[in-house]
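> I'll drop the sequence and a predicted model, then ask my questions.
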Amino acid sequence: MGSTKDEVQVSYDVSNEFFRLWLDERMNYTCGVFEGTDNLEEAQVKKLNVIHDFAKITPEKRVLDIGCGWGANIEFLAMDKGVKDVNGVTLSSAQFEEIQRRNVPGVTAECVNFFDYEPKEKFDALTSICMIEHVASPEEARNGRAVDLYRRYFKRAHELTNPGAYFGLQTILRNFVPRTKKDIQDIGWVTYKIFPGGITPRMEDIVMGVNPYWEVVEVKTRREDYGKTCWHWRDRLRKNETLIREKWGNEVFDDYDRYLSTCVTAFDKHYQSLAQWSLRRID
(Lines give C-alpha, C1' and ligand atoms only; values in the text may rest on other atoms or scores of the structure.)
Protein backbone atom coordinates (compact mmCIF):
# COMPACT_ATOMS: atom_id res chain seq x y z
CA MET A 1 0.00 0.00 0.00
CA GLY A 2 1.34 3.41 -0.95
CA SER A 3 5.04 3.82 -1.78
CA THR A 4 7.32 0.80 -1.43
CA LYS A 5 10.91 1.07 -0.21
CA ASP A 6 12.16 0.79 -3.80
CA GLU A 7 9.85 3.62 -4.87
CA VAL A 8 10.95 5.78 -1.93
CA GLN A 9 14.56 5.26 -3.01
CA VAL A 10 13.69 6.62 -6.47
CA SER A 11 12.37 9.78 -4.83
CA TYR A 12 14.99 10.42 -2.14
CA ASP A 13 18.10 8.32 -2.74
CA VAL A 14 19.49 10.09 -5.82
CA SER A 15 22.35 11.43 -3.70
CA ASN A 16 22.48 13.34 -0.43
CA GLU A 17 25.08 15.64 -2.00
CA PHE A 18 22.74 16.33 -4.93
CA PHE A 19 19.86 17.41 -2.69
CA ARG A 20 22.21 19.45 -0.50
CA LEU A 21 23.03 21.64 -3.52
CA TRP A 22 19.53 23.08 -3.89
CA LEU A 23 17.63 22.58 -0.64
CA ASP A 24 18.07 24.92 2.34
CA GLU A 25 21.01 24.40 4.68
CA ARG A 26 18.94 22.17 7.00
CA MET A 27 17.73 20.06 4.03
CA ASN A 28 13.99 20.58 4.40
CA TYR A 29 12.30 19.04 1.36
CA THR A 30 8.91 20.62 2.07
CA CYS A 31 7.15 23.98 1.90
CA GLY A 32 8.60 26.93 3.80
CA VAL A 33 6.60 29.80 5.30
CA PHE A 34 7.43 33.13 3.65
CA GLU A 35 5.82 35.46 6.17
CA GLY A 36 8.00 38.55 6.51
CA THR A 37 10.89 37.04 4.53
CA ASP A 38 11.99 36.08 1.02
CA ASN A 39 14.89 34.00 2.35
CA LEU A 40 14.52 30.22 1.97
CA GLU A 41 16.50 29.39 5.12
CA GLU A 42 14.35 31.70 7.23
CA ALA A 43 11.15 30.42 5.62
CA GLN A 44 12.01 26.84 6.49
CA VAL A 45 12.65 27.71 10.13
CA LYS A 46 9.29 29.51 10.23
CA LYS A 47 7.66 26.32 8.90
CA LEU A 48 9.32 24.20 11.57
CA ASN A 49 8.09 26.62 14.23
CA VAL A 50 4.52 26.37 12.94
CA ILE A 51 4.56 22.57 13.11
CA HIS A 52 6.18 22.69 16.56
CA ASP A 53 3.44 25.01 17.82
CA PHE A 54 0.62 23.04 16.15
CA ALA A 55 1.83 19.89 17.94
CA LYS A 56 2.00 21.71 21.32
CA ILE A 57 5.56 20.48 21.83
CA THR A 58 7.46 21.32 25.00
CA PRO A 59 10.99 20.20 25.98
CA GLU A 60 9.85 17.40 28.29
CA LYS A 61 7.55 15.71 25.76
CA ARG A 62 8.49 12.55 23.90
CA VAL A 63 8.08 13.33 20.18
CA LEU A 64 7.87 11.26 16.98
CA ASP A 65 8.40 12.72 13.51
CA ILE A 66 6.75 10.46 10.91
CA GLY A 67 8.71 10.57 7.67
CA CYS A 68 11.62 12.55 9.10
CA GLY A 69 13.56 12.99 5.86
CA TRP A 70 17.20 13.94 6.28
CA GLY A 71 16.53 15.01 9.86
CA ALA A 72 15.78 18.73 9.56
CA ASN A 73 12.79 18.71 11.89
CA ILE A 74 14.11 16.29 14.50
CA GLU A 75 17.39 18.22 14.68
CA PHE A 76 15.45 21.49 15.00
CA LEU A 77 13.36 20.11 17.86
CA ALA A 78 16.40 18.83 19.72
CA MET A 79 18.84 21.68 19.10
CA ASP A 80 16.63 24.76 18.68
CA LYS A 81 13.73 23.83 20.98
CA GLY A 82 15.53 21.77 23.62
CA VAL A 83 13.32 18.70 23.29
CA LYS A 84 15.09 15.88 25.10
CA ASP A 85 13.50 12.80 23.48
CA VAL A 86 13.06 13.15 19.72
CA ASN A 87 12.45 10.20 17.42
CA GLY A 88 12.06 9.82 13.67
CA VAL A 89 11.19 7.20 11.09
CA THR A 90 12.07 7.20 7.40
CA LEU A 91 11.93 4.53 4.71
CA SER A 92 14.85 6.06 2.79
CA SER A 93 18.27 4.50 3.38
CA ALA A 94 20.07 7.63 2.17
CA GLN A 95 18.08 9.89 4.50
CA PHE A 96 18.76 7.54 7.40
CA GLU A 97 22.50 7.69 6.64
CA GLU A 98 22.38 11.49 6.81
CA ILE A 99 20.62 11.37 10.19
CA GLN A 100 23.28 9.02 11.50
CA ARG A 101 25.99 11.32 10.16
CA ARG A 102 24.49 14.31 12.02
CA ASN A 103 24.47 12.31 15.28
CA VAL A 104 22.38 14.86 17.17
CA PRO A 105 22.17 14.32 20.96
CA GLY A 106 18.70 13.29 22.08
CA VAL A 107 17.69 12.16 18.58
CA THR A 108 17.03 8.58 17.54
CA ALA A 109 15.75 7.34 14.18
CA GLU A 110 14.84 4.11 12.47
CA CYS A 111 14.79 3.18 8.79
CA VAL A 112 11.46 1.41 8.74
CA ASN A 113 7.96 1.59 7.27
CA PHE A 114 5.82 3.64 9.64
CA PHE A 115 3.19 0.90 9.78
CA ASP A 116 5.84 -1.59 10.94
CA TYR A 117 7.36 0.75 13.53
CA GLU A 118 7.15 -0.57 17.10
CA PRO A 119 8.56 1.90 19.65
CA LYS A 120 9.27 0.89 23.23
CA GLU A 121 7.21 3.78 24.61
CA LYS A 122 4.31 5.87 23.39
CA PHE A 123 4.63 9.52 22.41
CA ASP A 124 3.25 12.78 23.79
CA ALA A 125 3.30 14.61 20.47
CA LEU A 126 3.57 13.81 16.77
CA THR A 127 4.78 15.70 13.73
CA SER A 128 4.70 14.68 10.09
CA ILE A 129 5.69 16.97 7.25
CA CYS A 130 4.59 15.86 3.78
CA MET A 131 4.87 12.11 4.35
CA ILE A 132 1.20 11.20 4.01
CA GLU A 133 1.60 11.64 0.25
CA HIS A 134 3.22 8.19 0.30
CA VAL A 135 0.37 6.42 2.12
CA ALA A 136 -1.86 5.83 -0.92
CA SER A 137 -0.81 5.11 -4.50
CA PRO A 138 -2.46 6.64 -7.58
CA GLU A 139 -4.08 3.28 -8.34
CA GLU A 140 -5.46 2.99 -4.81
CA ALA A 141 -6.83 6.52 -4.99
CA ARG A 142 -8.53 5.77 -8.33
CA ASN A 143 -10.07 2.65 -6.79
CA GLY A 144 -11.59 4.66 -3.93
CA ARG A 145 -9.26 3.33 -1.22
CA ALA A 146 -7.44 6.53 -0.27
CA VAL A 147 -9.61 7.59 2.67
CA ASP A 148 -9.45 4.11 4.20
CA LEU A 149 -5.67 4.16 3.92
CA TYR A 150 -5.42 7.62 5.47
CA ARG A 151 -7.72 6.47 8.29
CA ARG A 152 -5.39 3.51 8.87
CA TYR A 153 -2.50 5.99 9.11
CA PHE A 154 -4.32 8.14 11.66
CA LYS A 155 -5.38 5.07 13.62
CA ARG A 156 -1.76 3.95 13.86
CA ALA A 157 -0.75 7.46 14.95
CA HIS A 158 -3.42 7.31 17.65
CA GLU A 159 -2.15 3.92 18.85
CA LEU A 160 1.37 5.32 19.25
CA THR A 161 0.38 8.29 21.42
CA ASN A 162 -0.61 9.03 25.00
CA PRO A 163 -3.91 10.72 25.92
CA GLY A 164 -3.81 14.47 25.36
CA ALA A 165 -1.38 14.27 22.44
CA TYR A 166 -1.38 16.81 19.61
CA PHE A 167 -0.27 16.17 16.03
CA GLY A 168 1.37 18.84 13.86
CA LEU A 169 0.72 17.68 10.29
CA GLN A 170 1.68 19.18 6.93
CA THR A 171 0.24 17.83 3.69
CA ILE A 172 0.37 18.73 0.02
CA LEU A 173 -3.15 18.81 -1.45
CA ARG A 174 -4.67 18.00 -4.82
CA ASN A 175 -6.96 20.81 -5.84
CA PHE A 176 -8.07 21.77 -9.38
CA VAL A 177 -7.78 19.29 -12.25
CA PRO A 178 -5.40 20.51 -15.01
CA ARG A 179 -7.14 21.56 -18.23
CA THR A 180 -4.28 21.88 -20.71
CA LYS A 181 -2.56 18.95 -22.38
CA LYS A 182 0.93 20.05 -21.30
CA ASP A 183 -0.06 20.52 -17.65
CA ILE A 184 -1.77 17.12 -17.56
CA GLN A 185 1.30 15.46 -19.07
CA ASP A 186 3.75 17.24 -16.76
CA ILE A 187 1.85 16.48 -13.55
CA GLY A 188 1.36 12.85 -14.57
CA TRP A 189 5.07 12.60 -15.38
CA VAL A 190 6.07 14.00 -11.96
CA THR A 191 3.71 11.57 -10.22
CA TYR A 192 5.18 8.48 -11.84
CA LYS A 193 8.78 9.54 -12.54
CA ILE A 194 9.80 11.51 -9.44
CA PHE A 195 7.39 10.20 -6.79
CA PRO A 196 6.28 6.72 -7.92
CA GLY A 197 3.80 5.00 -5.64
CA GLY A 198 2.51 8.19 -4.03
CA ILE A 199 -0.21 10.75 -4.60
CA THR A 200 -1.25 13.93 -2.83
CA PRO A 201 -4.53 13.76 -0.91
CA ARG A 202 -7.48 16.09 -1.28
CA MET A 203 -8.37 18.24 1.73
CA GLU A 204 -11.64 16.38 2.23
CA ASP A 205 -9.72 13.08 2.30
CA ILE A 206 -7.82 14.24 5.37
CA VAL A 207 -10.95 15.63 7.05
CA MET A 208 -12.64 12.24 6.63
CA GLY A 209 -9.53 10.18 7.38
CA VAL A 210 -8.79 11.66 10.81
CA ASN A 211 -12.12 10.42 12.19
CA PRO A 212 -12.66 8.91 14.72
CA TYR A 213 -9.09 9.27 16.01
CA TRP A 214 -8.16 12.95 15.80
CA GLU A 215 -9.99 16.26 16.01
CA VAL A 216 -9.09 19.02 13.55
CA VAL A 217 -8.34 22.06 15.74
CA GLU A 218 -6.78 24.39 13.19
CA VAL A 219 -5.89 24.41 9.48
CA LYS A 220 -3.72 26.88 7.57
CA THR A 221 -3.29 26.68 3.80
CA ARG A 222 -0.09 27.88 2.12
CA ARG A 223 -0.42 27.39 -1.64
CA GLU A 224 1.58 30.51 -2.53
CA ASP A 225 4.32 29.63 -0.03
CA TYR A 226 4.90 26.29 -1.70
CA GLY A 227 5.06 27.88 -5.15
CA LYS A 228 7.72 30.25 -3.83
CA THR A 229 9.60 27.38 -2.15
CA CYS A 230 9.73 25.46 -5.44
CA TRP A 231 10.91 28.60 -7.26
CA HIS A 232 13.83 28.90 -4.83
CA TRP A 233 14.68 25.22 -5.25
CA ARG A 234 14.67 25.51 -9.05
CA ASP A 235 16.77 28.68 -8.90
CA ARG A 236 19.40 26.92 -6.78
CA LEU A 237 19.26 23.83 -9.01
CA ARG A 238 19.90 25.96 -12.10
CA LYS A 239 22.80 27.76 -10.46
CA ASN A 240 24.43 24.33 -10.03
CA GLU A 241 23.54 23.08 -13.53
CA THR A 242 27.11 22.52 -14.74
CA LEU A 243 28.11 20.54 -11.65
CA ILE A 244 24.92 18.46 -11.68
CA ARG A 245 25.27 17.58 -15.36
CA GLU A 246 28.92 16.62 -14.86
CA LYS A 247 28.39 14.57 -11.70
CA TRP A 248 24.93 13.00 -12.10
CA GLY A 249 24.26 13.35 -15.82
CA ASN A 250 21.99 15.33 -18.12
CA GLU A 251 18.91 13.27 -17.35
CA VAL A 252 18.99 14.04 -13.61
CA PHE A 253 19.26 17.78 -14.19
CA ASP A 254 16.61 17.83 -16.93
CA ASP A 255 14.21 15.70 -14.88
CA TYR A 256 14.51 17.84 -11.76
CA ASP A 257 14.28 21.08 -13.68
CA ARG A 258 11.07 19.84 -15.34
CA TYR A 259 9.72 18.58 -12.01
CA LEU A 260 10.33 21.84 -10.14
CA SER A 261 9.00 23.92 -13.03
CA THR A 262 5.86 21.78 -13.01
CA CYS A 263 5.48 22.39 -9.28
CA VAL A 264 5.80 26.17 -9.70
CA THR A 265 3.03 26.03 -12.31
CA ALA A 266 0.86 23.65 -10.28
CA PHE A 267 0.80 25.88 -7.20
CA ASP A 268 0.27 28.99 -9.31
CA LYS A 269 -2.72 27.47 -11.13
CA HIS A 270 -4.29 25.92 -8.00
CA TYR A 271 -3.68 22.34 -9.18
CA GLN A 272 -1.90 21.79 -5.88
CA SER A 273 -2.04 23.46 -2.49
CA LEU A 274 -0.64 22.83 0.98
CA ALA A 275 -2.20 22.61 4.41
CA GLN A 276 -0.79 22.67 7.93
CA TRP A 277 -3.00 20.97 10.51
CA SER A 278 -3.19 21.01 14.29
CA LEU A 279 -4.86 17.77 15.36
CA ARG A 280 -5.87 16.81 18.89
CA ARG A 281 -6.11 13.18 19.94
CA ILE A 282 -9.64 11.99 20.69
CA ASP A 283 -9.43 10.08 23.96
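Yes, it's here.
> ranges for the helices of the chain?
5-12, 16-22, 40-54, 72-75, 93-102, 138-142, 146-159, 181-189, 203-209, 223-239, 241-248, 250-268 (DSSP state H).
> biggest strand in this structure, by residue count?
When the chain is parsed with DSSP state E, its longest strand is strand 161-174.
> Buried by neighbour count: which residues of it qualify?
Thr161, Ala165, Tyr166, Phe167, Gly168, Leu169, Gln170, Thr171, Ile172, Leu173, Arg174 (16 or more other C-beta atoms under 10 Å). Where you see a C-beta, it was placed from the backbone N, CA and C, and this is true even at glycine.
> mind checking how far it is from the chain centre?
12 Å (C-alpha atoms, centre = their mean, to the nearest Å).
> what angle separates that strand from helix 181-189?
Angle of strand 161-174 versus helix 181-189, following axes from the mean of the first three to the mean of the last three C-alpha atoms, to 10 degrees, is 150 degrees.
> residues touching the nearest residue to Ser261 once chain neighbours are set aside, list them.
Closest residue in space to Ser261, ignoring its immediate chain neighbours: Arg234 at 6.3 Å, by C-beta to C-beta, 6 or more residues apart in numbering. Counting by C-beta atoms under 8 Å, 6 or more residues apart in numbering, Arg234 makes contact with Trp22, Asp257, Leu260, Ser261, Val264.
> And Tyr271, by the same measure?
Counted by C-beta under 8 Å, 6+ apart, Tyr271 has contacts Arg174, Asn175, Phe176, Val177, Pro178, Asp183, Ile187, Thr265.
> how near is it to Tyr226?
From Tyr271 over to Tyr226 the distance is 11 Å, taken as C-beta to C-beta, to the nearest Å.
> Now do the shared contacts for those two.
Contacts common to Tyr271 and Tyr226, judged by C-beta under 8 Å, 6+ apart, are absent.
> Relative to its centre, which residue of the protein is most distant?
Distance from the centre of the chain peaks at Glu246, with 28.9 Å (C-alpha atoms, centre = their mean).
> So Arg145 sits against Ala136, correct?
Yes: using C-beta atoms under 8 Å, Arg145 is in contact with Ala136, at 6.7 Å.
> which one of those two has more residues nearby?
Ala136 (29 against 15; other C-beta atoms under 10 Å).
> looking at it, the more buried one is touching Thr200, isn't it?
No: Ala136 is beyond contact range of Thr200, at 9.5 Å (criterion: C-beta under 8 Å).
> returning to that earlier point: just the buried subset of the contacts of Arg234, written out for PyMOL, thanks.
Those of these that count as buried under 16+ other C-beta under 10 Å are selected in PyMOL with:
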select buried, resi 22+260+261+264
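> Save the contacts of Arg234 as a markdown table, and put in distance to Val217 too.
Converted to a markdown table, those look like this (distance: C-beta to C-beta, whole Å):
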| residue | distance to Val217 |
| --- | --- |
| Trp22 | 34 |
| Asp257 | 39 |
| Leu260 | 33 |
| Ser261 | 36 |
| Val264 | 31 |
